[in-house]
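Asks: sequence first, then the predicted structure, then my questions.
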Amino acid sequence: MAATPHTLGTPAERIEGRDKVTGAARYAAEHTPPGCAHAWPVPAGVTCGRITGVDTSAALAQPGALAVLTPFDAPRFAAPPDDPELDVLQYDSVPHRGWYVALAVADTLENARAAAAAVRVTCADHADEPEPHDVVLDEDHPEAYTPEKANGGYPAHRERGDAAAAFAAAPVRVDVSYRVPPLHNHPMEPHSATAHFAGGRLTVYDSCQGGNAVRTVLASLFDLPEDRVTVVAEHVGGGFGSKGTPRPHVVLAAMAAIHTGRPVKLALPRRHLPSVTGHRAPTLHRLRLGAEPDGTLVSVSHEVTTHTSRITEFVEQAAVPARVMYGSPHSLTTHRVVPLDVPSPSWMRAPGETPGMYALESAVDELADALGMDPVDLRVLNDPATEPDSGRPFSSRHLVECLREGARRFGWHDRDPRPAARREGPLLIGSGVAAATYPAYASPCAADATAHPDGTYTVRVNATDIGTGARTVLAQIAAAALTAPLEAVRIRIGSTRLPRAPLAGGSSGTASWGWAVHRACTALAAAVAGHDGPLPGGGLTVTADTTDEVRRTPPYARHAFGAQFAEVQVDTVTGEVRVRRMLGVFAAGRILNPRTARSQLIGGMIMGLGMALTEHSTMDAAHGDFTESDLASYHVPAHADVRAVEAHWVEEDDGLLNPMGSKGIGEIGTVGAAAAVGNAVHHATGVRFRELPLTPDRVLPALRPEEEPAL
Amino acid sequence: MRPFAYVRARTVQEATAAHAAHPGARYLAGGTNLVDLMKLGVEAPETLVDVTRLPLDAVEELPDGGLRVGATVRNSDLAAHPLVRDRYAAVSRALLSGASGQLRNTATTGGNLLQRTRCPYFQDLTKPCNKRAPGSGCGARDGVHRDHAVLGHSYLCIATHPSDLAVALAALDAEVELHGPDGERTVPVADFHRLPGDHPELDTVIQPGELITAVTLPAATAGLPSAYRKARDRASYAFALVSVAAVLDLDEHGAVRHLGLAFGGLAHRPWRARRAEAALLGATPTAENVARAVAAELDAAEPLRDNAYKVPLAHRLAGAVIGGLAGTHRT
Amino acid sequence: MQPTTPPPPPDAYHSEVTLRVNGTPRALTVDHRTTLLDALREGLGLTGAKKGCDHGQCGACTVLVDGRRANACLLLAVALDGCDITTVEGVAKDGGDRLHPLQQAFLDRDAFQCGYCTPGQLCSALGMLAEAAAGHPSLATDPDAPPAQGAVPLTPDEIRERMSGNLCRCGAYPHIVQAVEDVIR
């Protein structure tokens, strides 16, 4: 590849950085077309049931009220949406608490909020006699079943050999259960959209991870040709999966704009997010690991039970990473799911890998304990030559290098391996390690590239920058392919007017978009080289579409790997756990921009820190929603929770991925981080906690009596 | 949020008169909790009487060595005040333990005491809550109540009071000055907040129309070693699971001459631990004595299904705080 | 005594206020319910201050009010008549041409990803630097040290504690702390 080394792989500054630090960058709710109205949705205040009436009179009597849409009078969709969560205001039953049952539209934000508050909804079964509902997940739930597939299209159930018999016969065994609570993405920008319908054209500014899917849905629901729908997502305030699929806010904004004939802005109140923008489903894990006395694994079983909603089947694929990680002749990896009257779960940063690797890597730590073996050595010993479940060769796998490099940088081997051995006054100190993995995906994408007569270039692709630095890295890929300076490349992303592209998700954005950009720019460079005379005024444009190429990729197992290390302190007075330092080393192909890559990896590790220590949503059994519905109660880590966090990587040269040789880095930073923290807490205290998060209510009562502080 | 009228008062008399003249009026100070609750629909005043520009924004030194803190002194200014840091360290530390720098710049001394519980059922209009809607039931009692009260709760309400400042003020024997339609009165902070009993809708003993004008910190506890410590789910910007404020004075033999001890996060009000105080009076604050005294206080705890951890947490935290203060005396 | 209230406005629910925003007086008729944040974003088109939670729980809306950092989402615009407001749009110098050193440090350190919390982080950091310079303590300040004469030295622990009212879901915290350290050195 004709990359200029000083372009690709260099720490270029974010192209939109200046706009973000000056406040000039505009997000979805920051466009205000003339005459713009405001919409405010009304969530159901019941868990499930049938709506018998919506009294809109008081709402419509509010000053400035323009409309109140209800399931009884809202415009009907031309076709039902594929995602049942989008089928809003179309029928009179409530599948889960928080489901939208009305939409108020008014001239100002204040009036819209007041109108929404004045909507009166009545249900067939009023509060006196609530409809029976079931929102509590447990392993023995009678409705649990094994689905055909888990999220990502993976088979839900896989067996190799006879895992049960091999486990029973194994000299060293660990049989443990772990629980991960529901978690919420909570990007800083709530889901928002501004919709404008004029002249038969619908234009929507949306906070999403990919505009093409949004356009397809809106065109279908509102019976518009796709070329009459434009979705713009220029700047997106984070998503972490929750904006990976179109969400109700954008459907409602478009509906209101079409209905009222005015532009309509709709920004979801933070408190609505937990019910309508997805969550990481709770997962119950049973791990059975059997090993020889030397640590060689002979049996790996990972059984996961999770929940989904009544209207959609989403199965967190938490047992899937156990098919990738360690060699073992016998293996069982399986999922069961229980449909409950709960909000629909969906993607949250590394779905499957994040909870699955928490459980698996904690169990591996327990096995190391049982063996009296160093947990790094145990992982190195069981590093497989080929992907255990599929037998496929890895395109590249450098987990062992990550573990060794991480151990060296962290000072792992200097520690006293005995648990509860290090004390500083009332604090117990410990360290832990865990591995990380995440698949390297790529999807078909189109892009075009134009060479202008002035020597500059314009590259167009409907990529979405949700904070990853997509603009910057794509410009770098383009400049490298064009052998042009970075400043000569203008990059256009974030609109469906641009060539079709997949979403920013699955850590595959850069691979997918970059592949198409690379192809377009490589072809453009050739076209320019072959062009005689000055370029035409409109420039020379080349388009590329990677569909065929992506689908023809040979059958290798493609994954990024990593090693996470954490040092924690546990306060024996309060049970408060704080992470003193975290260090991750990752093998993720070629790192295309070390500046933005490091930020993403560190950010992922911090989300893992939150999962370990502070974050949890509690299902309110009586009411069927999540109790922690705001940012005061759902504790994402704050500045003070985050001390030294470092991310490093090992060089990886993998020619079997894409033209850039890159693997995704958006999610792997989160994977394994919670296990490293949990393993460190075990090392600090000698107590094995098997349910997250490690908050004082859980930690303090479990501390051993000899760890009571001296008063 | 329904539309409301707005009146800006320039004097205390103007404020109370405006309140009396407008049914459904509420005083607006920093607004960090009131505006929050108005957005949720929990509060729906018809008129806001803005008291932020009243001349109540000074910390005055009293002739006896105490301090009089105006009701509109911002939390950050109070926490940073040299006399407060010098004489009433627990007040400064409690304030700095709460909320964020931004919120402390806005929130006022009086408003802090009047903030309402963060019980999720109280904040959600679609769920039962006897505090918000008397007679509707308590969603938390059989629901999600990890953060709720273990002391002094009633069948009707298990909410906790969220203030950090109030806990320190209660331990230090501070008093609240109130100005109302019937004149002025003074109430000890420790008696200002109520237990829920049969009327959880009433957080405090304040009467309709009464305005907090000041908080006074007494000379008796000025300059004594005092401390505040808070346990929470994240390292900053989180409400207390349990907090402890203590002020300790030892005599020349190392025996307790005075102890003021209060807990946050355990009850519907700052929990002044009078039993523990009495048990330690005249005793040496050894670890064993402190542990026994605090245990006597916490004997009254009635934990719910998911918040029993608060009892050992309060016990250990109080032991650490009192032990730390006793150590200060020794040095 | 009868209260001497201002003359009743044409509508009991609206008032005229003047805010001095980034140095420019802006006269507005505001719905009393309108927060400073919504007045800036919807009324004045200044969308730099962000709405992350609308309840003072995230800090994305942080602006400076009379030089002090505050959550614009919890302030009613009507109560701020006559106040000086600085938003992120007013932080750069020379009408926005020359970045403030802190903005430059954020770029240099890659102290943001999605950018949504960034304006609040910047305004909060500016307010925080002034607080520390004025000797205001934080929970990270040693309570047993005598009250500081002059500025409180800003260690990383001090910065982290003082900035904890600004959440960042992308996890840019370590780089934000580095950026703040860059401007205090």
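Replies: Cool, the structure landed. Numbers count the residues shown, from 1 in each chain, chains lettered A, B, ... in the order given.
Asks: find the nearest non-adjacent residue to the residue of chain A found nearest chain C, please.
Replies: Nearest to chain C in chain A, going by CB to the nearest CB, is A:Gly23, at a distance of 2.3 Å. For glycine as for every other residue, the C-beta is placed from the backbone atoms N, C-alpha and C. Using CB to CB, 6 or more residues apart in numbering or on different chains and skipping residues adjacent in sequence, the residue nearest A:Gly23 is C:Gly48, 2.3 Å away.
Asks: roughly how far apart are that neighbour and C:Leu40?
Replies: To C:Leu40, C:Gly48 is 8 Å away according to CB to CB, to the nearest Å.
Asks: same question for A:Thr122.
Replies: Distance from A:Thr122 to C:Leu40, counting by CB to CB: 39 Å.
Asks: backbone dihedrals for the residue of chain A closest to chain C, please?
Replies: Note on A:Gly23: its backbone torsions stand at phi 80, psi 10 [degrees, to the nearest 10].
Asks: my read is that it contacts C:Arg41, right?
Replies: No: under the criterion of CB atoms under 8 Å, A:Gly23 makes no contact with C:Arg41, lying 10.6 Å away.
Asks: shared neighbours of those two, anything?
Replies: C:Thr47, C:Ala49 (CB atoms under 8 Å, 6 or more residues apart in numbering or on different chains).
Asks: what's near enough to touch residue 171?
Replies: Since no chain was named, I'll use chain A. Applying CB under 8 Å, 6+ apart, the residues contacting A:Pro171 are A:Ala291, A:Glu292, A:Pro293.
Asks: wrong one, chain C
Replies: With CB under 8 Å, 6+ apart, C:Gly171 has these contacts: A:Ile602, A:Gly603, A:Gly604, A:Met605, A:Ile606, A:Met607, A:Pro637, A:Val642, A:Val645, C:Gln113.
Asks: just give me the closest of those residues to C:Ala134.
Replies: A:Val642 (26.1 Å; CB to CB).
Asks: chain neighbours aside, what residue packs nearest to the closest one?
Replies: Using CB to CB, 6+ apart, the closest residue to A:Val642 is C:Tyr173 (4.3 Å).
Asks: re the thing from before, please enumerate the shared neighbours of C:Gly48 and C:Leu40.
Replies: Shared contacts of C:Gly48 and C:Leu40, counting by CB under 8 Å, 6+ apart, come down to C:Thr87.
Asks: out of A:Thr122 and C:Leu40, which sits in the busier spot?
Replies: C:Leu40 (25 against 11; other CB atoms under 10 Å in any protein chain shown).
Asks: contact partners for that one?
Replies: C:Val21, C:Leu46, C:Thr47, C:Gly48, C:Ala49, C:Val63, C:Ala72, C:Ile85, C:Thr87.
Asks: domains of the chain?
Replies: Using chain A here. What automatic domain parsing lists as the domains of chain A is A:17-26+A:442-550, A:31-128+A:186-276, A:394-440+A:558-616+A:630-711.
Asks: not quite, go with chain C.
Replies: Residue ranges for the domains of chain C, per automatic domain parsing: C:14-90, C:97-184.
Asks: my read: the residue nearest to A:Val642 touches A:Met607, true?
Replies: No: in this structure, C:Tyr173 is not within contact of A:Met607 by CB under 8 Å, at 11.5 Å.
Asks: surely B:Ala44 forms part of a strand?
Replies: No: going by DSSP: H, G, I helix; E, B strand; the rest coil, the assignment for B:Ala44 is coil, not a strand.
Asks: what sits against it?
Replies: B:Met1, B:Arg2, B:Met38.
Asks: wait, the last one touches B:Met1, no?
Replies: Which is B:Met38. Yes: B:Met38 is within contact range of B:Met1, at 5.0 Å (criterion: CB under 8 Å).
Asks: surely C:Arg20 is in contact with C:Ile85?
Replies: Yes: counting by CB under 8 Å, C:Arg20 touches C:Ile85, with 6.7 Å between them.
Asks: comparing these two, which residue is more hemmed in?
Replies: A side-by-side neighbour count of C:Arg20 and C:Ile85, using other CB under 10 Å, places C:Ile85 first with 27 against 15.
Asks: and the helix or strand containing the more buried one, which strands flank it?
Replies: If you go by DSSP states H and E, C:Ile85 is part of strand C:84-86. Strand C:84-86 has the following sheet partners, assigned by DSSP bridges: strand C:14-21 (parallel), strand C:62-65 (antiparallel).
Asks: state the mean pLDDT of whatever helix or strand comes next after that strand.
Replies: Note on strand C:84-86: by DSSP H and E, the next helix or strand toward the C-terminus is helix C:101-109. In this model, helix C:101-109 has an average pLDDT of 98.
Asks: which other helices and strands contact helix C:101-109?
Replies: helix A:17-22, helix C:118-133, helix C:173-184 (3 or more CB pairs under 8 Å, 6 or more residues apart in numbering or on different chains; DSSP states H and E).
Asks: most neighbours per residue, which of the ones you listed?
Replies: Ranked by mean neighbour count, the helices and strands packed on helix C:101-109 are led by helix C:118-133 with a mean of 25 (mean count of other CB atoms under 10 Å in any protein chain shown).
Asks: please see if that one touches chain B.
Replies: Yes: using CB under 8 Å from any CB of the partner chain, helix C:118-133 reaches chain B at C:Ser124, C:Gly127, C:Met128, C:Glu131.
Asks: residue 163: neighbouring residues, count only.
Replies: Just so you know, I chose chain A. 24.
Asks: nope, chain C
Replies: Neighbours of C:Met163 (other CB under 10 Å): 27.
Asks: residues in contact with it?
Replies: Contacts of C:Met163 (CB under 8 Å, 6+ apart): A:His639, B:Gly101, C:Gln121, C:Ser124, C:Ala125, C:Met128, C:Tyr173, C:Ile176, C:Val177, C:Val180.
Asks: of those residues, closest to A:Pro339?
Replies: For the contacts of C:Met163, the nearest to A:Pro339 is C:Tyr173 (38.4 Å; CB to CB).
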